[in-house]
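Chemist: Task: produce atomic coordinates for the following.
(one chain, ligands or ions: 1)
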Amino acid sequence: MRTFFKFLNTYRLAAGTAICFMLVELLAELMQPYFISKIIDQGIAKHDMSVVLMWGGILTFGALAAFAAGITSSFVAGHASQSLGYDIREALYAKVQGMAYKAFNRFPTSSLITRLTNDANQLQDVVFMGLRFFLRMPLLVVGSMIMALVVHAQLGFLLAVTVPILVGFVMYVMKKASVLFRKVQTRLDTLNGVMQENFTGMRLIRIFVRRDVEGERFAKQGSELMRSSVSAMTLTEFTQPFIVFLMNAGIIAVLWFGHKEIQVGTATLGEVVAIVNYSLRTTIAMSMLGSIVSTVSRARASAQRVEEVLTTAEHEEIAEAGGVKSAEMERPLEGGLSFEDVTFRYPQTEAPSLENVSFRVAPGQTVAIMGATGSGKSTLMQLIVRFYEPDSGIIRIGGEVAGNVSLDRLRGSIGYVPQESLLFTGSIRDNIGWGKDGATEEEIVAAAKLAQIHETVAQFPDGYNTQLGQRGVNLSGGQKQRLSIARALVRRPSFLLFDDSMSAVDTRTEAALLQALGGLSGTTKLIITQKISTAAAADLILLMDEGRLLAQGSHEQLLASDRLYRRIYESQSGEEVAAHASDVH
Ligand SMILES: Nc1ncnc2c1ncn2[C@@H]1O[C@H](COP(=O)(O)OP(=O)(O)OP(=O)(O)O)[C@@H](O)[C@H]1O
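Modeler: Predicted coordinates for the structure are as follows:
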């Protein structure tokens, strides 16, 4: 809650204004039953029209004042709450963007989305409700009690007894509901997670004919969300009828005793009407407490969830303040790369994913990284881009210790092509140009040519303006891979990292691509691959197994010295002969 109040602090002036106008509205409202009692007792009972007109005029003025103050208060409260919602979403977004990769992995994407949308909305709602009703309702209740006691002490006492019992009850419900609403929010996260997986995996679900199974999974999560929502709502909704019931019993008691008091002359009709009126207003205020309880309970759960993200301590180093970068920071890293006895294990993992790995790559060289799945190839790349820091050992990039280079400079010198190509909604030009701020048309076309995708793009009716659907659905796997290669190449980086990102590219295109990359003499290239043909063309091959570097050397050296490499070579050379034969036909 502390973080939430920090956000609220920015709007203390608006909040104060909304509360002041709300108090004017409240005061005008509280005086109304009193004025009505005057009209009845001093005007109607005594047949004095001038008194009726005078108090009637005051009553009308009071009602208009309440109306105007209410609208102003609502307007200011609305503005403050929407702005606060905006601030919370912005802060969450910035936090998530800057979060260290290992911390980011702790929050499922769907949960982060729920926190940025649903939870931020809950906090926005609670501020509006808070400024408009939280203070007004208790004040209306207390004010009505005081006014009832002022109007008639004995009858007012009835109201004064009922209210504290109800307040105690409401507090109890609020505590219970908070726990239940936290459960609702977690269930919503899970449901969003299932939805996200379902929509992104739509093709797979259809091909595997898993629609029924996935439908059931969705229905199961949906019904769990419904069940926990129902139990939370039941608790809060039960409070309202209970409050109304008790208050109505109080009103009956006021009417009963009021009737007796009027008979013996210790109370007037106007006084009884005023007390009933105050009781009715208290009933309305108390029954609104039900929805206040539910809003506060949800907001408490949401505030905790927002706080969890905002107080995450692990973040990447902050980008240079105000975007002002010195020439030194801007200067790209150039040269080779080395690992010196590097060991790394993922957080909460026992076995190291990289163990005592050492190798050296000269500037401009091409390195092929091979190994079985899970042998640590991608991990090695994640350490180069500093998603994680090594537990021991040193990584040098461009002659500098990677950990000492600013992230902006380090990553600005790298072109990275991920295992799964991820494209954005927009044109092909936008997607390639995304790799470099202000990339020119020539740079985009040159990158596309290098990535062997230019001819394909040129054949599209809209060329580089072709719009890509969500995640590039209207492209083939190989086309997507080549586009994401072009996106990395447009940066003209000093280092290129390919994380098994040519798997969907056919052999002939891959050969052309590798030849084109060979021409980038100033760029150091690291290519994770399963193909001997790619490895054979590299200056250095790293053969990985269970996080260790089994062997390293050129194709010829490894053929001569390493049994595993020879086995892979032999198993693939048959395939290559077959592939070559099919190319010829
Ligand atoms: N985020 C993570 N948290 C914990 N362990 C991980 C994480 N990512 C990978 N690992 C583990 O680290 C080891 C190396 O994984 P890595 O992804 O580097 O393998 P890889 O050689 O690239 O495999 P593949 O060829 O299948 O992509 C594996 O045992 C894997 O289970």
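Chemist: Poorly predicted segments of the chain, please.
Modeler: 1, 290, 316-330, 470-473, 574-585 (pLDDT under 70).
Chemist: Longest helix in it, by number of residues?
Modeler: Secondary structure of the chain per DSSP state H: the longest helix is helix 211-264.
Chemist: so what secondary structure elements neighbour the helix or strand just after that helix?
Modeler: Using DSSP states H and E, the helix or strand that follows helix 211-264 in sequence is helix 269-310. If you count contacts as 3 or more C-beta pairs under 8 Å, 6 or more residues apart in numbering; DSSP states H and E, helix 269-310 packs onto helix 2-9, helix 12-38, helix 49-98, helix 120-129, helix 136-151, helix 153-200, helix 211-264. Any C-beta I mention is one placed from the backbone N, CA and C, and that applies to glycine too.
Chemist: now those helices in TSV, with mean neighbour count?
Modeler: Listed next are those as TSV, based on neighbours: other C-beta atoms under 10 Å:
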stretch	mean neighbour count
helix 2-9	14
helix 12-38	19
helix 49-98	16
helix 120-129	22
helix 136-151	20
helix 153-200	17
helix 211-264	15
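Chemist: Am I right that residue 147 is in contact with residue 32?
Modeler: No - taking contacts as C-beta atoms under 8 Å, residue 147 lies outside contact range of residue 32: 10.0 Å.
Chemist: Next, residue 266: phi, psi?
Modeler: Backbone torsions for residue 266, taken as degrees, to the nearest 10, come to phi -90, psi 0.
Chemist: Give me the nearest residue to it, chain neighbours excluded.
Modeler: Nearest non-adjacent residue to residue 266, counting by C-beta to C-beta, 6 or more residues apart in numbering: residue 154, 7.9 Å away.
Chemist: Around the ligand, which positions in the stretch 1-150 of the chain sit nearby?
Modeler: residue 105 (C-beta under 6 Å from any ligand atom).
Chemist: And whatever residue of the stretch 1-150 of the chain ends up closest to the ligand, how close does it get to residue 388?
Modeler: Nearest residue of the stretch 1-150 of the chain to the ligand (C-beta to the nearest ligand atom) works out as residue 105 at 5.9 Å. Per C-beta to C-beta, to the nearest Å, residue 105 is found 10 Å from residue 388.
Chemist: Between these two, which is the more surrounded one?
Modeler: residue 388 (18 against 12; other C-beta atoms under 10 Å).
Chemist: nearest spatial neighbour of that one, skipping sequence neighbours?
Modeler: Nearest in space to residue 388, with sequence neighbours left out and distances taken as C-beta to C-beta, 6+ apart, is residue 382 at 5.7 Å.
Chemist: give me the number of residues near the one you found?
Modeler: Neighbours of residue 382 using other C-beta under 10 Å come to 18.
Chemist: Please, which helix or strand holds it?
Modeler: Assigned by DSSP H and E, residue 382 falls in helix 377-384.
Chemist: After that helix, which helix or strand is next?
Modeler: Following helix 377-384 in sequence order, the next helix or strand is strand 392-397 (DSSP H and E).
Chemist: other SSEs contacting that following strand?
Modeler: strand 337-344, strand 354-361, helix 377-384.
Chemist: Adjacent strands (with direction) for it?
Modeler: strand 337-344 (antiparallel), strand 400-401 (antiparallel) (DSSP bridges).
Chemist: show me the contacts for residue 419.
Modeler: Contacts for residue 419 (C-beta atoms under 8 Å, 6 or more residues apart in numbering) come out as 378, 499, 500, 501.
Chemist: Spell out, range by range, the strands that occur in the stretch 451-585 of the chain.
Modeler: With DSSP state E, counting those that start in this stretch as the criterion, the stretch 451-585 of the chain has strands at 467-468, 495-498, 524-528, 540-545, 548-553.
Chemist: so does the last one get close to the ligand?
Modeler: No - Strand 548-553 lies apart from the ligand when judged by C-beta under 6 Å from any ligand atom; the minimum separation is 11.3 Å.
Chemist: buried residues in that strand?
Modeler: Going by neighbour count (16 or more other C-beta atoms under 10 Å), the buried part of strand 548-553 is 549, 550, 551, 552, 553.
Chemist: Looking at the residues you listed, which is nearest residue 374?
Modeler: residue 550 (14.0 Å; C-beta to C-beta).
Chemist: which one is that closest one nearest to, not counting chain neighbours?
Modeler: residue 543 (4.6 Å).
Chemist: from memory that neighbour sits against residue 557, does it?
Modeler: No - using C-beta under 8 Å, residue 543 makes no contact with residue 557, being 11.1 Å away.
Chemist: give the contact list for residue 479.
Modeler: Contact analysis of residue 479 by C-beta under 8 Å, 6+ apart lists 453, 456.
Chemist: can you do 10 Å?
Modeler: 421, 423, 428, 453, 456, 457, 460, 468, 472, 504, 505 (C-beta atoms under 10 Å, 6 or more residues apart in numbering).
Chemist: got it, and residue 270?
Modeler: Contacts for residue 270 (C-beta under 10 Å, 6+ apart) come out as 33-34, 36-45, 151-152.
Chemist: repeat that for 7 Å
Modeler: For residue 270, the contact set (C-beta atoms under 7 Å, 6 or more residues apart in numbering) comprises 37, 38, 40, 41.
Chemist: Around residue 338, count how many other residues there are.
Modeler: Neighbourhood size, residue 338 [other C-beta under 10 Å]: 17.
Chemist: all numbers from here: first residue = 12
Modeler: Noted, 12 is the first residue going forward, which turns the last one into residue 349.
Chemist: Can you name the residues bridging to it?
Modeler: Counting by DSSP bridges, residue 349 is bridged to residue 371, residue 407.
Chemist: Domain ranges for this structure, per the record?
Modeler: Domains of the chain are assigned by automatic domain parsing as 13-321, 348-595.
Chemist: quick one: which of those domains is nearest residue 342?
Modeler: domain 348-595 (7.3 Å).
Chemist: Distance to the ligand and neighbour count for the contacts of residue 430 - can I get that in CSV?
Modeler: Converted to CSV, the contacts of residue 430 look like this (distance: C-beta to the nearest ligand atom, whole Å; neighbours: other C-beta atoms under 10 Å):
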residue, distance to the ligand, neighbour count
389, 3, 18
510, 7, 19
511, 6, 20
512, 11, 23
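Chemist: just checking, which of those belong to helices?
Modeler: residue 389.
Chemist: Contact partners for residue 554?
Modeler: 381, 382, 561, 562, 563, 569, 573, 575, 576.
Chemist: same check, this time on residue 428
Modeler: Contact analysis of residue 428 by C-beta under 7 Å, 6+ apart lists 495, 496, 499, 508, 509, 510, 512.
Chemist: do residue 395 as well
Modeler: By C-beta under 7 Å, 6+ apart, residue 395 lies in contact with 406, 408, 508.
Chemist: now swap in residue 543 and tell me
Modeler: 579, 580, 583.
Chemist: what residues are up against the first one?
Modeler: Right, the one you point to is residue 579. residue 543.
Chemist: just to revisit the earlier point, show me which of the contacts of residue 395 are buried.
Modeler: Burial by neighbour count, 16+ other C-beta under 10 Å: within those this picks out 406, 408, 508.
Chemist: ok, those residues vs the ligand, which is closest?
Modeler: Out of the buried ones among the contacts of residue 395, the member with the shortest distance to the ligand (by C-beta to the nearest ligand atom) is residue 508, at 12.0 Å.
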